[in-house]
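Visitor: give me a model of this one.
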Amino acid sequence: MVAARQENLHTQVAVEENMMTQTKREPFNAGDFSSRKLMELVSGDRDGNRLTLDQEALDAVVSELASRRHYLRELRDRGLLAPRAS
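Guide: Residues are numbered from 1 along each chain as shown. Reported below is the predicted structural model:
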């Protein structure tokens, strides 16, 4: 009986640990962030100081900032936005 309880406990702990290590990833929505935070993501990604954005997330950030018309010069300077037509 004690052995069965211990086995049950070990199984329960293993299941809980497995659940804790599996992280749920919410879909990235650039519109949920302020322009400043979006630019921090871009800056950190390019400098290697922060977690790396995948290409899809980076494109979403650049698109969101461009649609807001914020940080355009900085995005161009980083080569993330096409230069302005003269």
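
Visitor: low-confidence regions, the chain specifically.
Guide: 1-25, 45-51, 85-86 (pLDDT under 70).

Visitor: repeat that with 90
Guide: Residues of the chain meeting the criterion pLDDT under 90: 1-28, 40-55, 82-86.

Visitor: tell me which stretches of it form helices.
Guide: 2-21, 35-47, 55-68, 72-77 (DSSP state H).

Visitor: and the contacts of the second one?
Guide: This means helix 35-47. With contacts defined as C-beta atoms under 8 Å, 6 or more residues apart in numbering, helix 35-47 is touched by 30, 33, 49-53, 57-58, 61-62, 64-65, 68, 70-71, 74-75, 78, 80. For every residue, glycine as well, the C-beta is placed using N, CA and C.

Visitor: just the buried ones from those residues?
Guide: 30, 33, 53, 57-58, 61-62, 64-65, 71, 75, 80 (16 or more other C-beta atoms under 10 Å).

Visitor: surely R84 meets A66?
Guide: No: in this structure R84 lies outside contact range of A66 using C-beta atoms under 8 Å: 11.8 Å.

Visitor: out of those two, which sits in the more crowded spot?
Guide: A66 (15 against 8; other C-beta atoms under 10 Å).

Visitor: isn't that one right up against L72?
Guide: Yes: using C-beta under 8 Å, A66 is in contact with L72, at 6.8 Å.

Visitor: which neighbours do the two share?
Guide: Shared contacts of A66 and L72, defined by C-beta under 8 Å, 6+ apart, comprise L81.

Visitor: my read: L53 touches L80, true?
Guide: No: using C-beta under 8 Å, L53 is not in contact with L80, being 11.1 Å away.

Visitor: neighbours around L81, how many?
Guide: Quick note: L81 (other C-beta under 10 Å) scores 17 neighbours.

Visitor: how close does it sit to L58?
Guide: Distance, L81 to L58, using C-beta to C-beta, to the nearest Å: 12 Å.
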